[in-house]
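> Got a predicted model here, sequence first, then my questions.
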Amino acid sequence: MEIRQRAGFYLRGLTASVERKNGWQLAEFVGDATPDAIQHFVGRDRWSADEVRDDLRSYVAENLGSKSSTDDEGVLIVDETGFLKKGTKSAGVGRMYSGTAGRIENQQIGVFVAYKSSRGHALVDRELYLPKSWTDDRSRCRKAKIPDDVEFATKPELAQRMLVRTLDGGLAAEWVAADEAYGSNGRFRRFLEVHGLGYVVAISASTHLFLSGKRAAVAMHVEGVPPEAWRTISCGSGSKGERLYDWAFAEWNSYGVDRFRRGLLIRRSLADPSDVAYYFTHAPQGTPLAKLIEIAGSRWAIEECFEQAKQLVGLDEYEFRAWHAWFRHVTLAMLAHATLAAIRAAETDASAQPSARRLRPKKSGST
């Protein structure tokens, strides 16, 4: 069976009602007596996961990208997710903290970029994080088939690589959103600014900022926000309705030919005023507060991508240890999830069209 046909079977298995998308159950779905062919396809066949990733990006641009100049600008969202694993041999595995589990676990960490527009959202790029305990041990890396030229990179550095690939690959976006693991990194923010991207990125409460004549942690600046500066605004619809919060904003440090402006955006829970989140922003002058809040709220889209991709297409249900096998399975799972997102977008487009019955003119003399 040729590789292209085997890839089609693999994708159909990922989107099918298979309880677990592992080798045995995928083999059973496609009619194989053993998982040998599945394992050969992912582990030993000659094909490029990066070329599939590039096709995935084009597919997302075509099916989820803006359809006209009046549509909203696309948002690229950076985040990471954990893949819980046993043992020490899977590429990049180690005891690390992950927000997925909310604690330190033995796991692999994948850094991802998702694309969001008004038409839908999907994952478009991925990198596997390698701790220094791996990159400092080349013998261990070779056993997991990690190429010798793969060196240590921080998670923000991995994110920068993916953002460059995504933009160079033609997926149009004007904004970037990220959580505080990336937003608190000054080099990451400067990278976005150099590339002319607007951003709304979460930062830690201890991040320092010179504002209103004093340099202090952003958490301290909240004390100086007057009551009339807070506005209750939704950052988007959730499963329980509008996600309403109190918001305050302070602008600072304009610069550059395009007159981008930086700012500090603060979000406060209505139910618990002590629950506060902070964001640095970088946006064209005149960008309304509502737009900045919308971008801040767009981060939920990548969390939904992770949840759906794990539950529906087996993003985390692989049983491969090798470096290249991780990229192959994860990329195909991303493509399977993007296909589902494209189907939802097409159905939404169809339901928004006026029905043929309504468009039919009335007969003469009808009431």
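The structure has been received and is ready for your questions.
> So Ala177 belongs to a strand, correct?
Yes: counting by DSSP: H, G, I helix; E, B strand; the rest coil, Ala177 is located in a strand.
> Report the beta-bridge partner residues of it.
Note on Ala177: beta-bridge partners by DSSP bridges are Ile77, Val200.
> surely it meets Ile293?
No: applying Cβ atoms under 8 Å, one finds Ala177 not in contact with Ile293, separated by 11.4 Å. For glycine as for every other residue, the C-beta is placed from the backbone atoms N, C-alpha and C.
> Mind checking which of these two has more residues around it?
Comparing Ala177 with Ile293 by other Cβ atoms under 10 Å, the one with more neighbours is Ala177, at 28 against 24.
> How many residues are close by Val194?
A count of nearby residues for Val194, using other Cβ under 10 Å, gives 8.
> oh, and call the first residue 35 from now on, that's how I've got it
Let's use 35 as the start, then, which means that last one is Val228.
> residues contacting it?
By Cβ atoms under 8 Å, 6 or more residues apart in numbering, the contact list for Val228 is empty.
> What of Gln39?
By Cβ under 8 Å, 6+ apart, the contact set of Gln39 is empty.
> so which strand or helix has it?
Following DSSP states H and E, one finds Gln39 within helix 37-49.
> For the following helix or strand past that helix, name the packing helices and strands.
Following helix 37-49 in sequence order, the next helix or strand is helix 57-64 (DSSP H and E). In terms of contacts (3 or more Cβ pairs under 8 Å, 6 or more residues apart in numbering; DSSP states H and E), helix 57-64 is packed against helix 37-49, helix 70-77.
> Distance of Gly247 relative to Val198?
Taking Cβ to Cβ, to the nearest Å as the measure, Gly247 falls 38 Å from Val198.
> which of these two has more neighbours?
Val198 (13 against 5).
> Grab the nearest non-local neighbour of that one.
In space, and not counting its chain neighbours, Val198 is closest to His229: 7.9 Å by Cβ to Cβ, 6 or more residues apart in numbering.
> I figured the one you found hits Ala207, correct?
No: assessed by Cβ under 8 Å, His229 is found out of contact with Ala207, at 10.6 Å.
> May I see the buried residues of the helix holding Gln39?
By neighbour count on 16 or more other Cβ atoms under 10 Å, the buried set for helix 37-49 is Arg40, Ala41, Phe43, Tyr44, Leu45, Gly47, Leu48, Thr49.
> Which residue ranges of the stretch 35-184 of the chain form strands?
Remark: strands assigned in the stretch 35-184 of the chain by DSSP state E, counting those that start in this stretch are 109-118, 128-132, 137-151, 154-162.
> can I get the CA coordinates of stretch 321-337 in CSV?
Below are the C-alpha coordinates for stretch 321-337, written out as CSV (Å, rounded to 0.1, in the frame of the first residue of the first chain):
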residue,chain,number,x,y,z
THR,A,321,-7.2,50.7,18.5
PRO,A,322,-10.4,50.6,20.7
LEU,A,323,-10.3,49.0,24.1
ALA,A,324,-12.9,46.5,23.0
LYS,A,325,-10.6,45.2,20.3
LEU,A,326,-7.8,44.7,22.8
ILE,A,327,-10.2,42.8,25.1
GLU,A,328,-11.3,40.7,22.2
ILE,A,329,-7.7,39.7,21.4
ALA,A,330,-7.1,38.9,25.1
GLY,A,331,-10.2,36.7,25.1
SER,A,332,-9.1,34.8,22.0
ARG,A,333,-6.7,32.7,23.9
TRP,A,334,-9.5,30.3,24.8
ALA,A,335,-9.5,29.1,21.2
ILE,A,336,-6.2,27.3,21.5
GLU,A,337,-7.4,25.7,24.8
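> Work out the gap between it and the centre of the chain.
Chain-centre distance of stretch 321-337: 14 Å, with Cα atoms, centre = their mean, to the nearest Å.
> now swap in stretch 167-177 and tell me
For stretch 167-177, the distance to the chain centre is 28 Å (Cα atoms, centre = their mean).
> In contact with Arg54, which residues are there?
Arg54 is in contact with Gly348, Glu351, counting by Cβ under 8 Å, 6+ apart.
> How about Cys180: what's its closest non-neighbour residue?
Careful, residue 180 is Ile and not Cys. Leaving out its chain neighbours, the residue that sits closest to Ile180 by Cβ to Cβ, 6+ apart is Trp357, at 4.4 Å.
> Kindly report the same for Asn140.
Nearest one to Asn140, counting by Cβ to Cβ, 6+ apart, is Arg129 at 5.4 Å.
> ok, now how distant is that neighbour from Arg137?
Separation of Arg129 from Arg137 (Cβ to Cβ): 10 Å.
> more neighbours, those two?
Per other Cβ under 10 Å, whichever of Arg129 and Arg137 has more neighbours is Arg129, with 11 against 8.
> longest single helix anywhere in this protein?
Using DSSP state H, we find that the single longest helix of the chain is helix 357-386.
> And what about the residue lying closest to Val252 once chain neighbours are set aside, helix, strand or coil?
Leaving out its chain neighbours, the residue that sits closest to Val252 by Cβ to Cβ, 6+ apart is Tyr312, at 4.6 Å. The three-state assignment at Tyr312 reads strand, by three-state DSSP.
> mind listing what Tyr312 touches?
With Cβ under 8 Å, 6+ apart, Tyr312 has these contacts: Ala236, Ile237, Ser238, Ala239, Thr241, Val252, Ala253, Leu298, Leu299, Ile300, Arg301.
> circling back: list the residues that are in contact with both of His229 and Ala207.
Common contacts of His229 and Ala207, defined by Cβ under 8 Å, 6+ apart, comprise Leu201.
> When those two are compared, which one has more neighbours?
Using other Cβ under 10 Å, the more surrounded residue of His229 and Ala207 is Ala207, with 23 against 12.
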